[in-house]
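[1] please find the sequence and the predicted model below.
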Amino acid sequence: MLTAVTGATGFLGMHLVRELLARRHRLLLLARPHPLPARARVERFLRASGAGEEELRVARTCLEAVEIDLEDGFLGLGREDFQRLADRIDVLWHCAGNVSFTASLEVARRTNVGGTRHVLRLLSAGERAPLLHHMSTVAVAGARDGGVVAEEVLDASSGFHTPYEQSKFEAEALVHRWVSEDGGRAVVFRPSGLVTRRSAHPDCPRHPLQALAQHVGAMLRRHPELAAGTKPVPLPLRAGADTNILPVEHAVYAMVEAGARRAPGGPRIYHVVNHANVPMTEVIAAVGDHFAVRVDTAWRPPTGQWDVRQALPAYACWLTCSRTYEDGNLARLGLAYPGQPVVDRDYVATALR
């Protein structure tokens, strides 16, 4: 059986590939062109993550790669090679996407919506009726700031905070339509914010907390008066705001296990989330410690005064959100994470490195 993976050299994709290799899956990496081939990048990531010689041997044996362009209707392969690829695939994990919170809607749609459309075309063209594992996100709940997000097809009635949320919602909607109208087979995973506390490494792409730290660092360089440390940085925070963060190692374990255990006809939407949210006060405190600045979360800006949220508009929605996620579908498979993942201020501080 051949399992294809898009986005295999991204943050989630690298960890997913490692989990699949541990189970001896034969993998085809569908990767965008890069000076360093995808197989070499994966091997370097494995070495950086502490892989032993046996794990590296399995990777060399079980991995192959094809360079693709997700924004092209035939994935940049041409009609004949596109068809040959379609006829080989039994399972496809679609992890590729534009995960930038600051990209425009037009740019985000190119990869997240257009790329998903082209992947569905690939799966429909093959002779094997392959199974799609589509990597969505809890962000498809959009601007819904509270309540419980159900493991069901969602609507867009709450609107969206960012183009990223909207483009991922539209991509997931394509998958649901492909299943209901075209008879496609798909499982949709909606992970929450995936991070790791492993030290940053050039061969391991950044996770969301590291991306946040990069944007905060840039803001402090633009506004040195905030970084001076003489006064706290004013950052308004709604009481009770929290967020859901899950170690990526737990997430890929749960998703691969769900893919193996799920019975045909079972639920096709799975929330991959932590059992408990982390208060935003803890996240902000850890970010403050990381940059050696104090943060005043009780401050309220006078009307018309500059607000630090204006410098980080893509992240401002985190300061008001307090919602939880239904997560019974994984439990009904008899699935539990290996150890209870605890994400607190100390974990966030380590993950920011």
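    Perfect, I can see it now.
[2] quick one: least confident helix or strand in this structure?
    Of all helical and strand segments in the chain, the minimum by mean pLDDT, DSSP states H and E falls on helix 224-227, at a mean of 77.
[3] which residues of the stretch 51-200 of the chain score low on pLDDT?
    Within the stretch 51-200 of the chain, the stretches with pLDDT under 70 are 200.
[4] that one: strands as residue ranges?
    63-67, 91-94, 131-135, 146-149, 185-191, 193-195 (DSSP state E, counting those that start in this stretch).
[5] deepest in the core, which of those strands is it.
    Highest mean neighbour count of the strands of the stretch 51-200 of the chain: strand 91-94, a mean of 26 (counted as mean count of other Cβ atoms under 10 Å). For every residue, glycine as well, the C-beta is placed using N, CA and C.
[6] what strands flank that strand, and is each parallel or antiparallel?
    As defined by DSSP bridges, the strand partners of strand 91-94 come to strand 2-6 (parallel), strand 131-135 (parallel).
[7] for the strands of the stretch 51-200 of the chain, which one sits closest to residue 273?
    strand 185-191 (7.2 Å; Cβ to Cβ).
[8] please name the residues that touch the residue lying closest to residue 327 once chain neighbours are set aside.
    For residue 327, ignoring the flanking residues on the chain, the nearest one in space by Cβ to Cβ, 6 or more residues apart in numbering is residue 271 at 4.6 Å. Residues counted as contacts of residue 271 (Cβ atoms under 8 Å, 6 or more residues apart in numbering) are 138, 149, 151, 190, 191, 192, 325, 326, 327, 329, 330.
[9] measure the second one to residue 47 for me?
    According to Cβ to Cβ, to the nearest Å, residue 149 and residue 47 sit 38 Å apart.
[10] so which residues of the protein form helices?
    11-22, 38-48, 53-62, 79-86, 105-112, 114-125, 163-182, 208-222, 224-227, 248-261, 280-291, 328-331, 345-351 (DSSP state H).
[11] any idea how far the closest residue to residue 70 other than its chain neighbours lies from residue 328?
    Among residues not flanking residue 70 along the chain, residue 115 sits closest, at 3.5 Å (Cβ to Cβ, 6+ apart). Taking Cβ to Cβ as the measure, residue 115 falls 30 Å from residue 328.
[12] other residues contacting the least confident helix or strand of the chain?
    219, 220, 221, 233, 291, 293, 308.
[13] make a ChimeraX selection of the buried ones in the residues you listed.
    Here is the ChimeraX command that selects the buried residues among the contacts of helix 224-227 (16 or more other Cβ atoms under 10 Å):
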select :219,220,233,291,293,308
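[14] out of the helices of the chain, nearest to residue 319?
    That would be, of those and by Cβ to Cβ, helix 280-291, which comes in at 6.4 Å.
[15] got the buried residues for the closest one?
    Neighbour-count burial for helix 280-291 [16+ other Cβ under 10 Å]: 280, 281, 282, 283, 284, 285, 286, 287, 288, 290, 291.
[16] and which of those residues is nearest residue 130?
    residue 283 (38.8 Å).
[17] didn't the closest one look like it was pressed against residue 243?
    Yes: the criterion here is Cβ atoms under 8 Å, and residue 283 meets it with residue 243 at 6.6 Å.
[18] how many other residues sit next to residue 317?
    Residue 317: 19 surrounding residues under other Cβ atoms under 10 Å.
[19] so what's it closest to, chain neighbours aside?
    Residue 317 sits nearest to residue 161 (Cβ to Cβ, 6+ apart), 3.9 Å away.
[20] state the pLDDT value of the residue of the chain most remote from its centre.
    The centre of the chain is farthest from one residue, residue 230, which by Cα atoms, centre = their mean lies 36.7 Å away. pLDDT recorded at residue 230 is 71.
[21] and residue 101, what does it touch?
    So residue 101 contacts 162, 164, 211, 314, 315 (Cβ under 8 Å, 6+ apart).
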